[in-house]
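K.L.:
sequence isn't available, so here's the structure alone:
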């Protein structure tokens, strides 16, 4: 995971020098926001960051929701995301901007928070494993419910919110599964611990609407690709048993990319392997991320 350089508060520093104090407010209370971004090596040998502008926009949206003012302009952080890939000599990598509150004050209320920003990059392969990408993963409905929309502020990628995801994932991994699926406070399928969820039934694609879920950028890309490919796509709620009866299921996320789900709660989904719709969307996604479709070059920031 270790890279040569990390960007911290306006300058590049060595990996081992990028430290924070134990009194850092975000460590204690989770008040901060972050993003996950991927850079791909394209088919022509160049590297490109996928959906960079959308990720930076969401970072600032999350900060606004969390009532944090980022002390850098969007254009500067956009440029740093490009530079950190070059500085570390990466062709492909994962990029993690983090906005956090410093160590000058503790206690829940901080009048004028000292907001700090770091951008990290490292080489990170398939989040749910190469085999998971190829054959599909085993998921389980967690006993932990997704945040209520007026409690966790679900449209923001807020640091502390992810304890909910951690608890859900630890629960299901301890039971032998790969990933957790979480229900919303009304019992409908919401999302996975770090991914959005899609199901396919008789060729029709359905994904959960933007109610209790994070508005995933890869989710949006998958929706756009699926519609461009001519699939019937809807955004509407669905239940746990509707998920069991799906012909196909897949997750989307910057880390997870497009990962098929072959089993949920011990029940085989469809044929128990990646289905044709999932496979087509997955193929199109990776081709697009690697610059093979000129109509989607607008999604790529070439380095």
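P.N.:
Received it, and whenever you're ready, just let me know what you need. As the structure is a prediction and not an experimental result, all values here were calculated from the model.

K.L.:
which helices and strands does the helix or strand containing residue 164 pack with?
P.N.:
Applying DSSP states H and E as the criterion places residue 164 in helix 162-174. Packing partners of helix 162-174 (3 or more Cβ pairs under 8 Å, 6 or more residues apart in numbering; DSSP states H and E): strand 179-183. C-betas here are computed from N, CA, C, even on glycine.

K.L.:
just how off-centre is the strand it packs on within its chain?
P.N.:
Here strand 179-183 is found 14 Å from its chain centre; the criterion is Cα atoms, centre = their mean, to the nearest Å.

K.L.:
show me what the following helix or strand past that strand is packed up against.
P.N.:
Scanning forward in sequence from strand 179-183 by DSSP H and E, the next helix or strand is strand 189-192. Of the remaining helices and strands, those touching strand 189-192 by 3+ Cβ pairs under 8 Å, 6+ apart are strand 179-183, helix 240-244.

K.L.:
tell me the mean pLDDT over the last one?
P.N.:
In this case it means helix 240-244. Confidence for helix 240-244, expressed as mean pLDDT, is 98.

K.L.:
so which of the helices and strands packed on strand 189-192 is the most surrounded?
P.N.:
Per residue and on average, the most neighbours among the helices and strands packed on strand 189-192 fall to strand 179-183, with a mean of 24 (mean count of other Cβ atoms under 10 Å).

K.L.:
what lines up beside that one in the sheet?
P.N.:
Within its sheet, strand 179-183 is paired with strand 137-141 (parallel), strand 189-192 (antiparallel), according to DSSP bridges.

K.L.:
residues making contact with that strand?
P.N.:
Residues from elsewhere that reach strand 179-183, judged by Cβ atoms under 8 Å, 6 or more residues apart in numbering: 128, 137-142, 144-146, 164-165, 168-169, 171-172, 189-193, 195, 197, 240, 243, 251, 261, 264.

K.L.:
that concludes my questions; thank you for your assistance.
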